[in-house]
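Engineer: model the structure of this input:
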Amino acid sequence: MTGYEGNTFPRHWLVGLCNRHFKESHVSCSERKKELRRRRHRLKKMGIFARKLKKATVSEKSVIAEKIRALTPGGEEIIARWDLEKR
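Structural biologist: Predicted coordinates for the structure are as follows:
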């Protein structure tokens, strides 16, 4: 024995063992969790862009518009709604 008889293991050891086993047996996330993570990231980035647009120059607005196009499939709608590019 290792000096711990019965169920006298320190609690943090048991938690570590359970977490290690869980990580090994469940390698990938579900598709739904991946999509939620991507959506939260887009929402956070859009908030950053909205904040930066208040002080942005014309050239900075065009750079932000390109970043929005690369970030999200609905980028053109957002650019039109925010009036980033006047045509």
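
Engineer: so which residues of the chain form helices?
Structural biologist: Assignment of helices within the chain using DSSP state H yields the ranges 11-25, 31-53, 58-71, 75-81.

Engineer: lowest mean pLDDT across those helices, which one is that?
Structural biologist: Across the helices of the chain, helix 11-25 has the smallest mean pLDDT, namely a mean of 54.

Engineer: picking up where we left off before, need the helices of the chain in a markdown table with mean neighbour count, can you?
Structural biologist: Placement of C-beta: from N, CA and C, glycine included. Converted to a markdown table, the helices of the chain look like this (neighbours: other CB atoms under 10 Å):
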| stretch | mean neighbour count |
| --- | --- |
| helix 11-25 | 9 |
| helix 31-53 | 12 |
| helix 58-71 | 14 |
| helix 75-81 | 14 |
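
Engineer: pretty sure K52 contacts I64?
Structural biologist: Yes - if you go by CB atoms under 8 Å, K52 and I64 touch, sitting 6.5 Å apart.

Engineer: neighbours around K55, how many?
Structural biologist: By other CB atoms under 10 Å, 7 other residues sit near K55.

Engineer: for it, what are phi and psi?
Structural biologist: Main-chain torsions, K55, degrees, to the nearest 10: phi -110, psi 10.

Engineer: state the pLDDT value of it.
Structural biologist: pLDDT, read off for K55, is 95.

Engineer: and for H26?
Structural biologist: 55.

Engineer: what's the spacing between T57 and I64?
Structural biologist: T57 sits 11 Å away from I64, going by CB to CB, to the nearest Å.

Engineer: next one: S28
Structural biologist: Using CB to CB, S28 is found at 34 Å from I64.

Engineer: what sits against R39?
Structural biologist: Contacts for R39 (CB atoms under 8 Å, 6 or more residues apart in numbering) come out as none.

Engineer: let's have the chain start at 31 instead
Structural biologist: Got it, the first residue is 31 from now on, which makes the last one we talked about R69.

Engineer: how close does it sit to E90?
Structural biologist: 26 Å.

Engineer: please apply the same query to E96.
Structural biologist: According to CB to CB, E96 stands 11 Å off from E90.
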